[in-house]
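Q: any chance you could fold what I've pasted below:
(chains A, B, C and D, ligands or ions: 12)
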Protein chains: 4
Amino acid sequence: MCGVFGAFSASGRPVLEDVYLGLYALQHRGQESAGVSWIDHGNVHSLKGMGLVHNALDQGTLSSIPASSAIGHVRYSTFGGSLFQNAQPLAANYARGPVAIAHNGNLTNADGLMHYLENRGAIFQSTCDTETILHLMAHQAHKNPLDALMDALRRLEGAYSLAVLLEDRLVAARDPWGFRPLVLGVRDDVTYVASESCALDIVGAKLLRDVEPGEVVVIDAKGTLSLRIPMTPRKGFHCSFEYVYFARPDSVLDGRSVYQARKELGRRLALRCPCSEAELVAGMPDSGTLAALGYAEASACPFEIAVVRNRYVGRTFIQPTQRVREIGVRIKLNPNGEIFRDRDAVVVDDSIVRGTTASRVVSLIRDAGARSVHLRIASPPVRFPCYYGIDTPCSEELAAARMDLEALRREVGADSLAYLDETDLVESIGLPEEKLCTACFSGRYLEGGTCHDLEL
Amino acid sequence: MCGVFGAFSASGRPVLEDVYLGLYALQHRGQESAGVSWIDHGNVHSLKGMGLVHNALDQGTLSSIPASSAIGHVRYSTFGGSLFQNAQPLAANYARGPVAIAHNGNLTNADGLMHYLENRGAIFQSTCDTETILHLMAHQAHKNPLDALMDALRRLEGAYSLAVLLEDRLVAARDPWGFRPLVLGVRDDVTYVASESCALDIVGAKLLRDVEPGEVVVIDAKGTLSLRIPMTPRKGFHCSFEYVYFARPDSVLDGRSVYQARKELGRRLALRCPCSEAELVAGMPDSGTLAALGYAEASACPFEIAVVRNRYVGRTFIQPTQRVREIGVRIKLNPNGEIFRDRDAVVVDDSIVRGTTASRVVSLIRDAGARSVHLRIASPPVRFPCYYGIDTPCSEELAAARMDLEALRREVGADSLAYLDETDLVESIGLPEEKLCTACFSGRYLEGGTCHDLEL
Amino acid sequence: MCGVFGAFSASGRPVLEDVYLGLYALQHRGQESAGVSWIDHGNVHSLKGMGLVHNALDQGTLSSIPASSAIGHVRYSTFGGSLFQNAQPLAANYARGPVAIAHNGNLTNADGLMHYLENRGAIFQSTCDTETILHLMAHQAHKNPLDALMDALRRLEGAYSLAVLLEDRLVAARDPWGFRPLVLGVRDDVTYVASESCALDIVGAKLLRDVEPGEVVVIDAKGTLSLRIPMTPRKGFHCSFEYVYFARPDSVLDGRSVYQARKELGRRLALRCPCSEAELVAGMPDSGTLAALGYAEASACPFEIAVVRNRYVGRTFIQPTQRVREIGVRIKLNPNGEIFRDRDAVVVDDSIVRGTTASRVVSLIRDAGARSVHLRIASPPVRFPCYYGIDTPCSEELAAARMDLEALRREVGADSLAYLDETDLVESIGLPEEKLCTACFSGRYLEGGTCHDLEL
Amino acid sequence: MCGVFGAFSASGRPVLEDVYLGLYALQHRGQESAGVSWIDHGNVHSLKGMGLVHNALDQGTLSSIPASSAIGHVRYSTFGGSLFQNAQPLAANYARGPVAIAHNGNLTNADGLMHYLENRGAIFQSTCDTETILHLMAHQAHKNPLDALMDALRRLEGAYSLAVLLEDRLVAARDPWGFRPLVLGVRDDVTYVASESCALDIVGAKLLRDVEPGEVVVIDAKGTLSLRIPMTPRKGFHCSFEYVYFARPDSVLDGRSVYQARKELGRRLALRCPCSEAELVAGMPDSGTLAALGYAEASACPFEIAVVRNRYVGRTFIQPTQRVREIGVRIKLNPNGEIFRDRDAVVVDDSIVRGTTASRVVSLIRDAGARSVHLRIASPPVRFPCYYGIDTPCSEELAAARMDLEALRREVGADSLAYLDETDLVESIGLPEEKLCTACFSGRYLEGGTCHDLEL
Ligand SMILES: Nc1ncnc2c1ncn2[C@@H]1O[C@H](COP(=O)(O)OP(=O)(O)O)[C@@H](O)[C@H]1O
Ligand SMILES: Nc1ncnc2c1ncn2[C@@H]1O[C@H](COP(=O)(O)OP(=O)(O)O)[C@@H](O)[C@H]1O
Ligand SMILES: Nc1ncnc2c1ncn2[C@@H]1O[C@H](COP(=O)(O)OP(=O)(O)O)[C@@H](O)[C@H]1O
Ligand SMILES: Nc1ncnc2c1ncn2[C@@H]1O[C@H](COP(=O)(O)OP(=O)(O)O)[C@@H](O)[C@H]1O
Ligand code: SF4
Ligand code: SF4
Ligand code: SF4
Ligand code: SF4
Ligand SMILES: [Mg+2]
Ligand SMILES: [Mg+2]
Ligand SMILES: [Mg+2]
Ligand SMILES: [Mg+2]
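A: Numbers count the residues shown, from 1 in each chain, chains lettered A, B, ... in the order given. Ligands and ions are numbered 1, 2, ... in the order given. Model prediction:
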């Protein structure tokens, strides 16, 4: 998963610091690397680095560069290893000028395109599917850059939400299925494009609208132009997992508030899978918190913030030494003994992927003295890998694909375990089913896909 | 404010990695620098660095050092500037051997002691009050190290919770008033000392008990010995602000759960300062969250997690450029428009210090469309500076010292503003008033103190 | 100017540390950046960095990588700015596998090739002429890598001595004119290629022979194969400036010892331009030292090491502050007052390029009390820029192109000034004139060339 | 061995950049760490770092600090391990104000003083003898800083040349025996103190005179004052090894040119130990070069620069891996095969310490084809350790202490081996014997000393 951000000032004001802040608000979408690109005197420039935005980029440097259009990217590796050369944006000066691309998603036909292009002389610098777009453009050197980009896009399959910088334009493009979110915002003379609306909030911009599936929005000094990728898919594929887990709760994506969706998932979970003996409802922070709050509300059972998540986890790399393995999940999550002692607890999380965290936390809660622990999951079982840009493991590593509900309950050590079903998921999000992707729950992919590890 | 941690293995097992993890759990107590010390072959060794634990210290290095007793420190500057030379533990080899000291608190008679010692030949390397303890010991070179330490301690005034390493001993000491917390824990053959119990949880240790005010606990291979500093204060001074704000909610200090205390503060606040038209209760994350939950419970008004705190704030240094000042508090806190729109909201925070954050967030919530914003504070007004190790500003910068309640309400822009009173504070914490410090609320100091900035 | 080095072990022994040491011995050929490449499991890997070999590369890392063939490069920028992206070797995985190239020289037709390739879809990552070779290969994706390389080479004009790594082969190639040196060496089962023989000495290898102009030597597990670039030039162009200045004195290039050549230049200079009143002969260290020794021998005048060169210059970047400009050349060179005082001195240098150093040193020697200073230059006047990989400035900046001998004498402030002539140069080197390039002295280029600054 | 430098501008001009350059010229005296100190608003400030001057210190930073008096130090460890905490200058703010000390030499009574001071409360931060001087001053807190310094100096035994910074004064002090050099220079209104005169040259200053043994020169805005340490030694002890090896050839120390001394050592060596069959004379660069030149002159045998010293050695740390041990001395020194082949050679070095380099170079020269190798040493055998600040090993590691001349000849593998005698040494230097230390050659120490390794 990744995050993209772009800004274009019609009056020529510097925007790189806004891109920095936008990326900072999108940091939860990728913590492996961060980068920005801008164009100056006909050349594209980039700054990139590994790690969090504030390690990877120097705010002071950025605030002193007077670029009036720029894009940025935070990366969480999917296709392509965890290497500096894969940090985005990808930028190049090709025959027709400078271009920079920031990509969120995953192309399902990248391999084929890569071989095709290599046999026509392309040299790939990275192992990242995004580079395919650059080479597709470069091999259309007779077209102007925007036409070359349009030509490249129609050859792509899979998920992409892009912020692209051409000579004097900022372009936002979203694949015809609408997998990954992409929104437009405005503040005075500056137009923004961002993966989530929370990144518009930080720069004080107003959310204008979502980029539509299959839409290419071209922003330049003259204004905004909307083009369409010539391709009409049979159904939409907005990623439902963005609402369940990935996006920030204060974002509004494709018209639906993530916060409301999560609380609604929790409320329906309380109705679908009640737990009469429960004395308290706790969420697994942070992903399970809102569903737990919804569950508590709907079940009239007290909500407690009973598991503390270390604030520094995620940014901190703790080395997996022998001692750290002994200590396990407690480095990240600490159940509050005072609250659990001698009580029957419902614990809510958004999903179970490998199942390791769940089983370790359940056991810590028992150690803390809980009488019983009832695990409730605010989405259907994750049984299939995602090929659209979210880094879920292969089926054989997915807990819910490896065992049935009862086996999984025993594995995680809960007194009871229950999941939402797919209808509840769709209705909680509040978008029509024919617009949503639920492939990692249902296996209903856009087209057949195999475990991507095999392809590498 | 700072955090200290120490570990001693009777069977000689390495403990430095546990000290690393303990500091990591105490990170919220100080983010300016971190350090550890241990003794090897009669020499004291230290590793220290600026910033967060994982930047300042290298876990890999620590896990490979076989020291069986060690101490650590996270620092948040109070007395003494923000310099590397002030990073703790302070360590030295003096005439009677190696010694290392980690100190949480603030000595009110440091200045006088320093002049006294300098005129007897002492050369101070740091501007940190803790160094006084080292020199007091060194000037008693005829006594053995433990006696020299005891002699030094009885000359100190003010707040100190110490973890001290002598040749083959770990010593935990707490000032006679008990300002700062200090707990003992045990796991197998390892004895731990820590500023808060949450740091025992992370290493899988059991909380044994608090170090008592005026107690010096000496831990060595033969066991544990308890000595007393020869000084009986008229009353106790456990810091009430630890419960209100500073400590982690999953800690238990001097027998009282911080979580329970915070929820109780919120509950009493709901009774003392109700708000009948409220449609939702939100906390200012993270410090106001639990009081808000208590408030919501006691007032039967829905609790919402309606302000999102950027997870990366605090570890990230955002430079205060022009643009960043424009954007202001939104870099850290983002009110969720979807929740506040057209509703009457109660917003709960733990305290108001300078008042800037409060007034900016109230205004953001209004922009987000709230019909009214009622601010509730889960402690009495902070009107006096703290001289005991918490870095509150001088009176002239304290909002509640500069204006009355109505003026402050207008300043922060709330529709109504109300505070808890001191009795509620004491009763919520649940410790007898004669054991608590409430000086920053009441002005009842241990002894008169003036603004410490003047003294420097 | 740059240096290249390559090693191939037929028995699979690791060679990267030898490449590190080889580069270290070639450090005088380029101090801007250093890099190495090797191939592992069909992928090419590189480590590169800015500055000296030991800053740019980590010996420890290299000695732990078990690659049995590898190449390396030290760079001194010529064509292409001073940027990390221009650090060599250039490496890529293209359609037909991995390839890495280390290049010493300068292609005179790079610009044209670049435009041609860009219009066929090539995206250039660097501004370095070497990348042209990679793209030429990639655009012949139907040929095997060695054939693609041969095809690329025959399209190149100008100077190139290359070490190339293909899948399981090390290739050494030298342009048909033989501009830059390139030697082969052997130690046990390891075959080496290097810019100068001094790099063979450091790894304990024996000098086998020079790679011939127009020769392509292919080294693999089966042995060594010699191919020829299909192109016969009218005359040879071994760079005479390598003997005069660039190469290390302990190298033997194209069969001639640099040491002997330099002493001979000095000896002839003594005969051609004697100085009867001289009481001592001093060289400008290090480039003028050997010619001065030859001059002293031939003129029977005492040789003194009378100017001391700071050992740390060259590796140290001294910032050109106001004070440093005041101090000038003395930061690098210090004439020894004790030796020059009240004496008539001959000072010998290899060449005069811009003339600044010469004039500043002459004036320091006068300040040191010399009665007279007679400057002798052990090569003809440098009047023309080099387009073949040595970074001489444009004519308008060359002192000898801007003024006649007498004007230059006054400019440098010497009592007398004399140069060697071209015939002496050629005879001192001892290679036939039709094999030598003397273009920067004579203007007789391979083909017309204009100031390369204009082309960028 | 170390180097010190200080500068004081009477008119308040900034001098830190001159200190940087002075240290740069003294770099050969110490490459382990470098540092500078200055006093600002009554506080002493320091910048220090490990490694070479340009790595340890940032010239840009220094040139922007407006201090008008400052001192600096380059360190080569003797007493006290190789640790950052031992980097000099040592600086502190003690009871009577700020003080900073840069020390070249070694105190022979440091141990005793340290114990004495520790028992009076001193806490030593470093393991460096220089800190003794600071604590001696601090324990005289009733005296003004200059008196306290004078009091401290008279308690010291052994070698010290100091640059000291007190509040508004620069002080230069040299021990009563005059072990290490120390010179004064002047440029306009700036007075300088430096270990060697070559450091005055770089800043364009004139050499005024040497600081005399036992002299303390106090430099302040009012001018220069000369005090004397109240102690008259029986004889002088100028280090003769400075002339033989340590100092830079362009320095003039205690009135004698190092260059002239070295050539004279070579000339006498030619007379004392001739070699009739020799066809060439080569020096071991750089330490043996000048003696070789003197030898060649006096014996009328051609001088050749036949061994090349890699310019980057010394600054570069080459890790002693297996491969590097195999390659050995060749990493640093490369005998030129072209010159040695089939010839009888005299090779001159300044001294033999452990003997490893000598024996390896002799064997390389034989491999290069020399018919015979005659080793000549331009000083007497080094048989005793130095306790006065030069880091020679204990007797048992000194080649000439472990075996007789013939055994040593066999060990190094030379056809013949010969040394200068002590009389020649003294006469070549040209100072009266009663002013020179020759203890490492003769064993005639100031007072008995044992191997200092034992004392640690
Ligand atoms: N600032 C924030 N405040 C609250 N939730 C956040 C914030 N940023 C990201 N999130 C949410 O955090 C969740 C991921 O955190 P968490 O559950 O702790 O991690 P994980 O499950 O990956 O270990 C996601 O659901 C995301 O929406
Ligand atoms: N891991 C954690 N989870 C929840 N709360 C925490 C955690 N660590 C520290 N805290 C609490 O966070 C509060 C401080 O955070 P916050 O209010 O965001 O900062 P501030 O008010 O200083 O800007 C304190 O009350 C502390 O108890
Ligand atoms: N290790 C070495 N020993 C002696 N000479 C060397 C060595 N390495 C390089 N050189 C020679 O040094 C010369 C360049 O040094 P120098 O004259 O000081 O630099 P420049 O003239 O570029 O300022 C070249 O002639 C080169 O052959
Ligand atoms: N810039 C310089 N030019 C010539 N000689 C120098 C210079 N700097 C230091 N020296 C001399 O170099 C010698 C030490 O170098 P060298 O013999 O190569 O090292 P070592 O013998 O310690 O391995 C000393 O005699 C010193 O006087
Ligand atoms: S498979 Fe799952 S995670 Fe992937 S896009 Fe579809 S819903 Fe989202
Ligand atoms: S003054 Fe306030 S913050 Fe300080 S110790 Fe007392 S209660 Fe705590
Ligand atoms: S022009 Fe001069 S420097 Fe260039 S290759 Fe020819 S001789 Fe060498
Ligand atoms: S012992 Fe040797 S090196 Fe030491 S001071 Fe005396 S002469 Fe110099
Ligand atoms: Mg989670
Ligand atoms: Mg807060
Ligand atoms: Mg030169
Ligand atoms: Mg030497």
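
Q: what is the burial count for the residue lying closest to A:Phe124 once chain neighbours are set aside?
A: Leaving aside its sequence neighbours, A:Phe124 sits nearest to A:Glu131 (C-beta to C-beta, 6 or more residues apart in numbering or on different chains; 5.5 Å). In short, each C-beta sits where N, CA and C put it, glycine included. Around A:Glu131 sit 27 other residues, with neighbours defined as other C-beta atoms under 10 Å in any protein chain shown.

Q: my read: A:Glu131 touches A:Glu118, true?
A: No - counting by C-beta atoms under 8 Å, A:Glu118 is not a contact partner of A:Glu131; they are 11.1 Å apart.

Q: so what sits against both of these two?
A: Here A:Glu131 and A:Glu118 share the contacting residues A:Phe124, scored by C-beta atoms under 8 Å, 6 or more residues apart in numbering or on different chains.

Q: can you show me the helices along the stretch 151-300 of chain A?
A: A:198-202, A:240-241, A:258-272, A:289-299 (DSSP state H, counting those that start in this stretch).

Q: so what does the last one touch, helix or strand wise?
A: In other words, helix A:289-299. Helix A:289-299 makes packing contacts with helix A:258-272, strand A:280-283, strand A:303-304, strand A:344-349 when contacts are defined by 3 or more C-beta pairs under 8 Å, 6 or more residues apart in numbering or on different chains; DSSP states H and E.

Q: ok, 10 Å please
A: Secondary-structure packing of helix A:289-299 (3 or more C-beta pairs under 10 Å, 6 or more residues apart in numbering or on different chains; DSSP states H and E): helix A:258-272, strand A:280-283, strand A:303-304, strand A:307-309, strand A:344-349, strand A:372-377, strand B:303-304.

Q: give me the number of residues near the residue lying closest to A:Ala7 once chain neighbours are set aside?
A: Leaving aside its sequence neighbours, A:Ala7 sits nearest to A:Val15 (C-beta to C-beta, 6+ apart; 3.9 Å). Under the neighbour criterion other C-beta under 10 Å, A:Val15 is assigned a count of 29.

Q: quick one, what contacts A:Val15?
A: A:6-9, A:22, A:36, A:38, A:62, A:65-71, A:170, A:190-192, A:203, B:323 (C-beta atoms under 10 Å, 6 or more residues apart in numbering or on different chains).

Q: just A:Asp286 next, same as before
A: Here A:Asp286 is in contact with A:28, A:248-249, A:309, A:314, A:350, B:305, B:308, B:311 (C-beta under 10 Å, 6+ apart).

Q: roughly how far apart are the residue nearest to A:Phe124 and ligand 5?
A: Between A:Glu131 and ligand 5 the distance, using C-beta to the nearest ligand atom, to the nearest Å, works out to 22 Å.

Q: surely that residue touches A:Met114?
A: Yes - under the criterion of C-beta atoms under 10 Å, A:Glu131 is in contact with A:Met114, at a separation of 8.1 Å.

Q: between those two, what contacts are shared?
A: Common neighbours of A:Glu131 and A:Met114 (C-beta under 10 Å, 6+ apart) are A:122, A:124.

Q: so where's chain A shaky on pLDDT?
A: For chain A, residues meeting the criterion pLDDT under 70 lie at A:77-83, A:314-316, A:447-456.

Q: and if we set it to 80?
A: Within chain A, the segments meeting pLDDT under 80 span A:1, A:77-85, A:314-318, A:447-456.

Q: got the contact list for A:His135?
A: Shown in contact with A:His135 (C-beta under 10 Å, 6+ apart): A:92, A:94, A:113-114, A:116-118, A:120-125, A:152, C:121-123.

Q: 8 Å - rerun?
A: A:117, A:122, A:124, C:121, C:123.

Q: cool, and A:Gln27?
A: The contact partners of A:Gln27, taken as C-beta under 8 Å, 6+ apart, are A:3, A:52-53, A:74, B:310-312.

Q: same thing but 6 Å
A: If a contact means C-beta atoms under 6 Å, 6 or more residues apart in numbering or on different chains, then A:Gln27 has A:53, B:312 as its contacts.

Q: before we move on, back to that, neighbour-wise, which one of the contacts of A:His135 leads?
A: A:Ala122 (28 neighbours).

Q: pull the contacting residues for it.
A: Neighbours of A:Ala122 in contact, by C-beta under 6 Å, 6+ apart: A:His135.

Q: state the distance from it to A:His115.
A: Distance, A:Ala122 to A:His115, by C-beta to C-beta, to the nearest Å: 10 Å.

Q: how about A:Asp344?
A: For A:Asp344, the distance to A:His115 - C-beta to C-beta - is 58 Å.

Q: between these two, which is the more surrounded one?
A: Just comparing A:Asp344 and A:His115: by other C-beta under 10 Å the higher neighbour count belongs to A:Asp344, 18 against 12.

Q: thought that one was touching A:Ser372?
A: Yes - the pair A:Asp344 and A:Ser372 qualifies as a contact (C-beta atoms under 6 Å) at a distance of 4.6 Å.

Q: just the ones of the contacts of A:Val15 in strands?
A: Using DSSP state E, A:6-9, A:36, A:38, A:69-71, A:170, A:190-192 are the members of the contacts of A:Val15 that sit in strands.

Q: quick one: the strands in the stretch 1-150 of chain A?
A: Counting by DSSP state E, counting those that start in this stretch, the stretch 1-150 of chain A has these strands, from start to end: A:2-9, A:33-40, A:43-50, A:69-75, A:90-94, A:97-107.

Q: got a list of contacts for the longest one?
A: It stands for strand A:97-107. Outside strand A:97-107, the residues that touch it by C-beta under 6 Å, 6+ apart are A:2, A:4, A:37, A:39, A:43-44, A:71, A:73, A:78-79, A:88-91, A:129-130, A:133, A:145, A:156, A:158-167, A:179-180, A:195, A:388-389.

Q: thanks a lot, see you next time.
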